[in-house]
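Visitor: model this:
(4 chains)
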Number of protein chains: 2
Amino acid sequence: MVDFGRSDDVRKSNRRRILSVLRHHAKVSRKHISQETGLSASTVSAITSELLDEAVIVSLQGAEDGALRRGRPQVRLSLNPNAALVASAVQQLDRIAVTVCDYAGKTVAEIDRPFKAREAGPEEFPRTLIETISDALATLPPGAGQLERIELGVQGITDVEGTAMLWSPITRYRNIGMKEALEDAFGVPARVSNDCCMIALALHWRDPERFADNFAAVLLSHGIGMGLMLNGELVTGIRSSATEFGHLSHMPRGALCRCGRSGCIEAYAGDYAIYRRATNAGSESAPRNDIAQAEMSGIMEAAKNGDADSIAAFAEAGEALGTGLANMFALVDPFPVALVGHGTRAYGFIEGSLRRAIGDINPYVSGSGIEISCFPDEKPLIMEGCTITALLELDEEIARSTAPHQKIFTDAV
Amino acid sequence: MVDFGRSDDVRKSNRRRILSVLRHHAKVSRKHISQETGLSASTVSAITSELLDEAVIVSLQGAEDGALRRGRPQVRLSLNPNAALVASAVQQLDRIAVTVCDYAGKTVAEIDRPFKAREAGPEEFPRTLIETISDALATLPPGAGQLERIELGVQGITDVEGTAMLWSPITRYRNIGMKEALEDAFGVPARVSNDCCMIALALHWRDPERFADNFAAVLLSHGIGMGLMLNGELVTGIRSSATEFGHLSHMPRGALCRCGRSGCIEAYAGDYAIYRRATNAGSESAPRNDIAQAEMSGIMEAAKNGDADSIAAFAEAGEALGTGLANMFALVDPFPVALVGHGTRAYGFIEGSLRRAIGDINPYVSGSGIEISCFPDEKPLIMEGCTITALLELDEEIARSTAPHQKIFTDAV
DNA sequence: ACTATTTTTTTCGAGCCTCGAATTAAATGG
DNA sequence: CCATTTAATTCGAGGCTCGAAAAAAATAGT
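Guide: The predicted structure is shown next:
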């Protein structure tokens, strides 16, 4: 329950709703906002003129699209691109990417450069990031808005407050603080989030029909991650970021996981697990962490040519994923699933056993009824998720910052 | 985000907050309410006098407790017991219990009588319930309030709307509608909920320190159930009621579960599973569903005397439960756990392997750090959960029903 | 060219609601 | 019996939303 008592909280809430409409639709008239929110035309008029004064939105003259109709034309309103800038960043095993977007969501600068995470010391993570963001900002023309927020997506575990990478597969260092360094460098709020959570937010934003209030995004990569949305809210841990789907127990006392335990889903479905099984290396053998994409392609090729071990490797991966999903479905009923990352290239070899495991474990669910879609490239999704997160936070802040309404009276006639 | 636009929504919200304070503390002064809610004294005065007019609350004269202090004494306010009645019911395998409480939460009538669920036809479930509630109401003196709500707790799966028992271990019939029959019979809103959810709510209400915003209640009985609270909200399925914790996969292709699948947690930790393992009956043998408490006590006795199979039975149960809990902890970080039901009598035999499994699977969590408490008797908890649910719904309805404030002017002097 | 019509947006007054200040109420202490 | 202290109520100010009326800005028709 929202905690509000005074009546200007009503104004804040209505500002929020109006900004939300503007965030969803590029150009909307006051009329449209009024219909969408259920607020009266007078209220919409009052709030939008406030937002115009604050230069949060702009009104677009002319450029009327569509048939000319009789009557006073609707004035289209839009978020003011120059109201702010947000920086989104993705730090991965081998690359670092930064995107700067304006307040209307358009990308205005992009950098994607190599970064050797394994060889980097703990202080290099924030430092490289600060450098890259600075470089991206330097490319902007002087007229652009001010940077207002930074959002970073990384693999691994972060704390719910978004201050640090508690653990990440891309480095052996723990507890690398990011938030504070970024905030000190740029003087604006920053957060670090789990990549899978960002992917889920991006999908929810991209296709709210399919990825509505309940769905999961599963990242199939060297490891296995999940971003889970339930009731329209991202599920995070109580203290740490993510639903560690990859480390659910699939098979007690089973295959060795790179986390050191046995029988995790990842120990069957991660790249290293598939590689290990396909090369018949024994489920207790140490996970390799330097498997090239070409090697995975080789296994797919072998499977295509009927190699029994390769086929079994993918089948066991599918079974582990399916069992894990079935467990999720037992907890909260079935929901659509997005598979993301390069692991989806082998979807053809995985799907059968995955669906069988879902069906096996939960007979109330026809295994084939689950909607599964694949997105091979995770990076743009992570980036999009970071951007939308930053923008929505900004919207929230703007909605809340309602200065006491002051009318200015002048003596002049 | 709460959807509110008009300013009387503020009043509704503040009514809600004041009612919430009154629900938590038996006798509170306006002063205290003002401090607790942060609302001004004048607002509290206005709203409480409204609530007094509506006879939702009463003001207690005299009966001052504590030291007499200088100054005008605080007037204690309380919820008006006669404002309403709510009926709570628990329908189990062998008994049906009904409790009627007044609006202040005091039990005013109770019935607990035998009911043979296995032999009952589908229509007997609502019918027996209606009879028992009627009988309970008949014992009340005429001055008592009006029945306003009915809340039923049952084992098994219900739909999120609370209309029907979709599946329950106490009967072979599916999809037994309860809500409509009860509403038709008594003319007030009714709901049917999963028993474990009610247990979780009761614990949250009883001991908000220990069972705060994140915890789980696990029912150890013939089957295994879970009520899960995250971020202060009960987790339910998308369509059906409950976190089917008992049917998470513990061991793929493992022991036969009474649900027909293999390897569920319940197939290791339910009474029938412990019995099966202790009697060395083979993990594929059909579950017995008529195991008496005495038989379970016998197994505990045997374990106490060193019987290897009995000890193994409990140890395997603990491992299955621990693995399941570790999976939950991987999803949302560790949280306190309440074990509920007669299965907790064997906690001494279960704890070791349970904690080992938690530690095994999640090394970040010292297995012994998880707070586990036992509540052998589940029935009063289910009942309490039903009552508090009904009362809170009533509070919500009363908070919302703010008639347009009408001052009555009379001509008389 | 000019007026009627249509549609959108703004302005204005009424009605709620909360708050702080002032007032009233109800007790104790000397 | 009056001063003091604390609680509760009353009253006016200010903010907010809403509906009605007015103003603005276009087209349609003569």
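Visitor: pLDDT below threshold where in chain A?
Guide: By pLDDT under 70, the low-scoring segments of chain A are A:1-7, A:62-67, A:242, A:360-368, A:403-413.
Visitor: tilt between the longest helix belonging to it and helix B:308-332?
Guide: In chain A, with assignment by DSSP state H, the single longest helix is helix A:308-332. Put simply, helix A:308-332 runs at 80 degrees to helix B:308-332, going by axes from the mean of the first three to the mean of the last three C-alpha atoms, to 10 degrees.
Visitor: now helix A:308-332: how far from the chain's centre is it?
Guide: Relative to its chain's centre, helix A:308-332 lies at 24 Å (C-alpha atoms, centre = their mean, to the nearest Å).
Visitor: Can you tell me the strand partners of the helix or strand that it is followed by and which way each runs?
Guide: Moving toward the C-terminus from helix A:308-332, the next helix or strand (DSSP states H and E) is strand A:337-340. Paired with strand A:337-340 in the same sheet, following DSSP bridges, are strand A:215-220 (parallel), strand A:372-375 (parallel).
Visitor: Next, report how far the first one is displaced from the centre of its chain.
Guide: I take that to be strand A:215-220. 11 Å.
Visitor: Tabulate the strands paired with strand A:337-340 in a markdown table, adding columns for mean neighbour count.
Guide: Placement of C-beta: from N, CA and C, glycine included. Shown next, in a markdown table, are the strands paired with strand A:337-340 (neighbours: other C-beta atoms under 10 Å in any protein chain shown):
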| stretch | mean neighbour count |
| --- | --- |
| strand A:215-220 | 27 |
| strand A:372-375 | 17 |
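Visitor: is the longest helix of chain A up against chain B anywhere?
Guide: Yes - legend: contact between helix A:308-332 and chain B by C-beta under 8 Å from any C-beta of the partner chain is shown at A:319, A:323, A:326, A:327, A:330, A:331, A:332.
Visitor: Packing partners of that helix?
Guide: Counting contacts by 3 or more C-beta pairs under 8 Å, 6 or more residues apart in numbering or on different chains; DSSP states H and E, helix A:308-332 is packed against strand A:215-220, strand A:224-230, helix A:266-269, helix A:271-278, helix A:293-304, helix A:347-361.
Visitor: Of these, which stretch is the most buried?
Guide: Most buried of those, by mean neighbour count (mean count of other C-beta atoms under 10 Å in any protein chain shown): helix A:266-269, with a mean of 30.
Visitor: Enumerate the residues of chain A near DNA strand D.
Guide: Contact residues (C-beta under 7 Å from any atom of the strand) of chain A with DNA strand D: A:7-8, A:10-11, A:14, A:38-43, A:46-47, A:68-73, A:402, A:404-406.
Visitor: Just the buried ones from the residues you listed, in PyMOL syntax?
Guide: Typed into PyMOL, the line below selects the buried ones among the residues of chain A next to DNA strand D, using 16 or more other C-beta atoms under 10 Å in any protein chain shown:
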select buried, chain A and resi 10+11+14+39+43+47+402
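Visitor: Help me confirm that residue A:153 is found in a helix?
Guide: No - counting by DSSP: H, G, I helix; E, B strand; the rest coil, residue A:153 is not found in a helix; it is strand.
Visitor: and the gap between it and residue A:125?
Guide: Counting by C-beta to C-beta, to the nearest Å, the gap from residue A:153 to residue A:125 is 13 Å.
Visitor: Overlap in contacts, the two.
Guide: residue A:91 (C-beta atoms under 8 Å, 6 or more residues apart in numbering or on different chains).
Visitor: Would you mind telling me which of those two has the busier surroundings?
Guide: Legend: neighbour count by other C-beta atoms under 10 Å in any protein chain shown for residue A:153 and residue A:125, higher for residue A:153 (31 against 26).
Visitor: Stretch A:379-397 vs chain B: in contact?
Guide: No - judged by C-beta under 8 Å from any C-beta, stretch A:379-397 stays clear of chain B, getting no closer than 9.7 Å.
Visitor: burial count for residue A:232?
Guide: 10.
Visitor: and the gap between the spatially closest residue to it that is not a sequence neighbour and DNA strand C?
Guide: Of all residues not flanking residue A:232 in the chain, residue A:213 sits nearest, at 4.1 Å (C-beta to C-beta, 6 or more residues apart in numbering or on different chains). As defined by C-beta to the nearest atom of the strand, to the nearest Å, residue A:213 lies at a distance of 31 Å from DNA strand C.
Visitor: On the three-state scheme, residue A:213 is what?
Guide: Applying three-state DSSP: residue A:213 is coil.
Visitor: hmm, who's touching the host helix or strand of residue A:197?
Guide: Following DSSP H and E, one finds residue A:197 within helix A:195-206. Helix A:195-206 is contacted from outside by A:90, A:151, A:153-155, A:210-212, A:215-219, A:225-229, A:234, A:236, A:241-243, A:338, A:340, A:375, A:378, A:381-386, A:388-389, using C-beta under 8 Å, 6+ apart.
Visitor: 7 Å instead?
Guide: A:153-155, A:211, A:217, A:219, A:225-229, A:234, A:236, A:241-242, A:338, A:340, A:378, A:381-382, A:384-386, A:388-389 (C-beta atoms under 7 Å, 6 or more residues apart in numbering or on different chains).
Visitor: Only the buried residues of it, if you could.
Guide: Neighbour count says helix A:195-206 has A:195, A:196, A:197, A:198, A:199, A:200, A:201, A:202, A:203, A:204, A:205 buried, by 16+ other C-beta under 10 Å.
Visitor: Stretch A:162-175 too?
Guide: Those would be A:162, A:163, A:164, A:165, A:166, A:167, A:168, A:169, A:170, A:171, A:173, for stretch A:162-175 by 16+ other C-beta under 10 Å.
Visitor: near chain B, which residues of the stretch 151-300 of chain A?
Guide: A:214, A:235, A:237-240, A:243-244, A:247-249, A:251-252, A:260-261 (C-beta under 7 Å from any C-beta of the partner chain).
Visitor: Now render the residues of helix A:308-332 next to chain B as a markdown table, adding neighbour count.
Guide: Formatted as a markdown table, the residues of helix A:308-332 next to chain B follow (neighbours: other C-beta under 10 Å):
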| residue | neighbour count |
| --- | --- |
| A:319 | 24 |
| A:323 | 26 |
| A:326 | 25 |
| A:327 | 28 |
| A:330 | 24 |
| A:331 | 22 |
| A:332 | 23 |
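Visitor: Of these, just say which sits nearest to DNA strand D.
Guide: Distances from DNA strand D to the residues of helix A:308-332 next to chain B, taken as C-beta to the nearest atom of the strand, are shortest for residue A:332 (35.2 Å).
Visitor: show me the contacts for the closest one.
Guide: A:230, B:237, B:238.
Visitor: Please determine how far the residue in the stretch 51-200 of chain A positioned nearest to DNA strand D is located from residue A:30.
Guide: Residue of the stretch 51-200 of chain A nearest DNA strand D, by C-beta to the nearest atom of the strand: residue A:72 (3.4 Å). Separation of residue A:72 from residue A:30 (C-beta to C-beta) stands at 11 Å.
Visitor: can I get the buried residues of helix A:195-206 in CSV with distance to residue A:86?
Guide: Listed next are the buried residues of helix A:195-206 as CSV, based on distance: C-beta to C-beta, whole Å:
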residue, distance to residue A:86
A:195, 17
A:196, 20
A:197, 17
A:198, 13
A:199, 18
A:200, 19
A:201, 14
A:202, 14
A:203, 19
A:204, 18
A:205, 14
